[in-house]
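*Asks:* sequence first, predicted coordinates after that:
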Number of protein chains: 2
Amino acid sequence: MKPINIGVMGVGTVGGGTAQVLRNNAEEISRRAGRAIRLFMAANRDVERAREVCGDDVTVVDDAFAIVNHPEVDIVVELIGGDTIAKELVLKAIENGKHVVTANKKLLAVHGNEIFARAQEKGVMVAFEAAVAGGIPIIKALREGLSANHIEWIAGIINGTSNFILTEMREKGSNFADVLAEAQRLGYAEADPTFDVEGHDAGHKLTIMASIAFGIPMQFDKCYLEGISQLTAKDIKYAEELGYRVKLIGLTRRTDAGIELRVHPTLIPEKRLIANVNGVMNAVLAKGDAVGPTLYYGAGAGALPTASAVVADIVDVTRLLTSDPEHRVPHLAFQPDQLKDLRILPIDEIYSSYYLRIGAVDRAGVLANITSLLAEQGISIEAVIQKGSVSDGSAEVVILTHLVQEKAVNAAIAAIEALDSVDGKVVRLRMEELNG
Amino acid sequence: MKPINIGVMGVGTVGGGTAQVLRNNAEEISRRAGRAIRLFMAANRDVERAREVCGDDVTVVDDAFAIVNHPEVDIVVELIGGDTIAKELVLKAIENGKHVVTANKKLLAVHGNEIFARAQEKGVMVAFEAAVAGGIPIIKALREGLSANHIEWIAGIINGTSNFILTEMREKGSNFADVLAEAQRLGYAEADPTFDVEGHDAGHKLTIMASIAFGIPMQFDKCYLEGISQLTAKDIKYAEELGYRVKLIGLTRRTDAGIELRVHPTLIPEKRLIANVNGVMNAVLAKGDAVGPTLYYGAGAGALPTASAVVADIVDVTRLLTSDPEHRVPHLAFQPDQLKDLRILPIDEIYSSYYLRIGAVDRAGVLANITSLLAEQGISIEAVIQKGSVSDGSAEVVILTHLVQEKAVNAAIAAIEALDSVDGKVVRLRMEELNG
């Protein structure tokens, strides 16, 4: 079967990430999609840069209309941003019968009703997972995963720049201006940060989520926007004393009187999971009448996380263009003839860190004996604490190890349990950092 | 268009929830699916109970084979559990060309390879979102949302009973046996809790996720299982002193040597979001090479949350049976002719709680003045703290209000700012409980 041809318009951060993901994961992606997916064309003002990023086998042009008009392009990926030229290109692509994938939240929040109507008429897909919360598959969750529910409200931390600034303000007690300057140095904030810190970006994303959740047209012009530039470190501190965190929240809620649609700094009880989403990370909390609260967390921006969503949309469209409906998504994600019978490791071959609790007769030398038995197995120690009373002649030693193979730990434990100075069985628990 | 006919086999907790969701949200679900979805038949050993739950317009039978053999049933929902009769029924339904939705993790983890092969041959769908983590749309996230990624590992809190027990053991310092007895009283644990507390249930779910993440056949028999029944409150306490929480984690990771597939109690740094998932709630943390870490949180069990996933699968299948591929999921979740132009509320009509910080000349009576102005607007007070020094004659009053309409707060603020004893502008921040 011939590959699906992708034309990417705009080879900046996300465009570069998209090219990278399509290249690096090409084999795995085609095993999932049931068909090769090829970056066929790219358009960028700086043609040289696009050529470096995309490689020699991709046709690079400086005029994006050459992509939307090219007969061999199947899916157009719009990563230009804004709602002027991007809108023209997307409408032209639709008119030409091309499927569209876009990360452009402003375009959809402002012109989505028109764009979707045209796409519907022309029988093409406009996919936009990357437009909201970057790599988190929140559009899919709301539109498909929660489709059984009457959705009551959605609250999201959906602007990474603002969340980074608020996190720093709280942790360091700094004021807005100083943290903004730091964020600009780190590349987390634009030179003109208005779009992020005054809530516009979050408002676009919230408008899209509200529309999907409640079945209403996009109406960004009615979204209330209030940013974080007026926030003081003092109020963040007082809020914390009262048990709250201050977050820039996009909130939409269905009420009898109408739909609430608002972005503003918000105090949230610190015990909520979403109150503990820090730095540039994003999270969306959605409340359905059947499912209750569900939360989706991940990177809301950046080249590769956003590309993850762009390429997921490309796979989604490809699956629909390629398979019969009943085989749209393979049961096990990969096509049935593409499963690999990888070996499952027996438990003693895994690597982990370990928590060991050892009952010891509290006698000089016991810790030295234990640590030398660990060292014999090549096990290095992260932390040791001693517990229990010396008075009754017994103690407990708790040891955290670094990463080691389980069979080495088991051998060390057998040797430790054989020591005269050790009492009973060693308690062994595995530890995982899970730090991505 | 004629409705999609659903046949539910097993009208217990989840079956009852499914009937309830299909009934309560019928209008919204058909606006999303593009077609009415009707509970047409139900099978249950206790026919009387099923009739009460499903209502008079549903044909209730005691023999589930009557459903899989009925020519008018489009989608069979298997909620019987286990892998004996349920397997026979699912295979017969597939043979009869029916699409299947199931919440049965054991059936899939043990017999999934055979079932999916048959479904592939017969061109029918077997959907199983409800089999893993209840209402959290994690199958969809892994299989579609993260399809661009080389998935590196998945770690999940995927057994609510165990997580409830571990949460109670930590919070109360109780031992396993006492908390288990309490969980049994509350209905969070079965009379025979082995399946949950020894990791079998988590192992089934983990097996399914590993298969989808890595493109490998189901192989539950190679999954390492270690439960929580041997855990002591002492080790949980020591772990906490060291900055860790102990959770029953299902972990699968791709390594050069093979796939790790293991369920066991695990120490996790307490600062990780997943370490703070408490009680019966579930969460899955998935790490992809492009997207980085993403987390999915929600209710992992219960009648309505599980029904949310069952019905989402029914909608998914219905959309595929009903629409052209390019209109599979409507852009805005609801069919284009089913959008409603609900009113968006102006910001002064919303209801919220508020944080107010008021600069006051520290003078007897100022708090009384402020609170009476709040009372005039019907605003009741949740908390007051006084800040700042009395020595320089100034103070700050921080007030948290109960829920009130924004226009009332604004009116109160205008009146407060007009007081002689009040200095400057009142700082007003909105508060949200976000407690589901």
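*Replies:* Okay, I see it. Residues are numbered from 1 along each chain as shown, chains lettered A, B, ... in the order given.
*Asks:* show me chain A divided up by domain.
*Replies:* Domain segmentation of chain A under automatic domain parsing yields A:4-134+A:304-338, A:138-299, A:347-431.
*Asks:* quick check: end-to-end length of the last one?
*Replies:* What it means is domain A:347-431. End-to-end distance for domain A:347-431, by Cα to Cα, to the nearest Å: 14 Å.
*Asks:* just how off-centre is it within its chain?
*Replies:* Offset of domain A:347-431 from its chain centre (Cα atoms, centre = their mean, to the nearest Å): 38 Å.
*Asks:* what is the mean pLDDT for that domain?
*Replies:* Averaging pLDDT along domain A:347-431 yields 92.
*Asks:* what do you get for the second one?
*Replies:* The average pLDDT for domain A:138-299 rounds to 97.
*Asks:* how about the domains of chain A in a markdown table, adding mean neighbour count?
*Replies:* Yep, even glycine has a C-beta here, placed from its N, CA and C like the rest. Converted to a markdown table, these look like this (neighbours: other Cβ atoms under 10 Å in any protein chain shown):
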| stretch | mean neighbour count |
| --- | --- |
| domain A:4-134+A:304-338 | 21 |
| domain A:138-299 | 22 |
| domain A:347-431 | 16 |
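*Asks:* distance to residue B:60 for those domains - can I get that in JSON lines?
*Replies:* Shown next, in JSON lines, are the domains of chain A (distance: least, Cβ to Cβ, whole Å):
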{"stretch": "domain A:4-134+A:304-338", "distance to residue B:60": "29"}
{"stretch": "domain A:138-299", "distance to residue B:60": "22"}
{"stretch": "domain A:347-431", "distance to residue B:60": "47"}
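*Asks:* now do residue A:284 against residue A:349, distance only.
*Replies:* 38 Å (Cβ to Cβ, to the nearest Å).
*Asks:* sorry, wrong one. I was asking about residue A:387.
*Replies:* For residue A:387, the distance to residue A:349 - Cβ to Cβ - is 31 Å.
*Asks:* before we move on, what about residue A:81?
*Replies:* For residue A:81, the distance to residue A:349 (Cβ to Cβ) stands at 48 Å.
*Asks:* tell me which helix or strand residue A:111 sits in.
*Replies:* Assigning secondary structure by DSSP states H and E places residue A:111 in helix A:105-122.
*Asks:* what packs against that helix?
*Replies:* Judged by 3 or more Cβ pairs under 8 Å, 6 or more residues apart in numbering or on different chains; DSSP states H and E, the packing partners of helix A:105-122 are helix A:85-95, strand A:126-127, helix A:200-214.
*Asks:* identify the residues contacting the residue nearest in space to the middle of chain A.
*Replies:* Among the residues of chain A, the one closest to the centroid is residue A:298, at 2.8 Å (Cα atoms, centre = their mean). Each residue near residue A:298 by Cβ atoms under 8 Å, 6 or more residues apart in numbering or on different chains is listed here: A:133-136, A:281-283, A:305, B:291-295.
*Asks:* try it again at 6 Å.
*Replies:* If you count contacts by Cβ atoms under 6 Å, 6 or more residues apart in numbering or on different chains, residue A:298 has them with A:135-136, B:294.
*Asks:* tell me the secondary structure at it.
*Replies:* Classification of residue A:298 by DSSP: H, G, I helix; E, B strand; the rest coil places it in strand.
*Asks:* beta partners for it?
*Replies:* residue A:282 (DSSP bridges).
*Asks:* how much space between it and residue A:272?
*Replies:* For residue A:298, the distance to residue A:272 - Cβ to Cβ - is 17 Å.
*Asks:* do residue A:152 as well
*Replies:* Relative to residue A:272, and taking Cβ to Cβ, residue A:152 is found at 16 Å.
*Asks:* and for residue A:246?
*Replies:* 13 Å.
*Asks:* can you check residue A:259 too?
*Replies:* Distance from residue A:259 to residue A:272, by Cβ to Cβ: 23 Å.
*Asks:* next one: residue A:98
*Replies:* Distance, residue A:98 to residue A:272, by Cβ to Cβ: 43 Å.
*Asks:* residue B:179: which of the contacts of residue A:298 is nearest?
*Replies:* Nearest to residue B:179 among the contacts of residue A:298: residue B:294, at 30.9 Å, using Cβ to Cβ.
*Asks:* doesn't residue B:287 make contact with that closest one?
*Replies:* No - under the criterion of Cβ atoms under 6 Å, residue B:294 is not in contact with residue B:287, lying 7.9 Å apart.
*Asks:* intersection of neighbour lists for the two?
*Replies:* Common contact partners of residue B:294 and residue B:287 (Cβ under 6 Å, 6+ apart): none.
*Asks:* these two touch, right, residue A:285 and residue A:153?
*Replies:* No - taking Cβ under 6 Å as the definition, residue A:285 is not a contact partner of residue A:153, at 8.5 Å.
*Asks:* quick one, helices of the stretch 101-250 of chain A?
*Replies:* Assigned by DSSP state H, counting those that start in this stretch, the helices in the stretch 101-250 of chain A fall at A:105-122, A:138-140, A:160-172, A:176-186, A:194-197, A:200-214, A:233-241.
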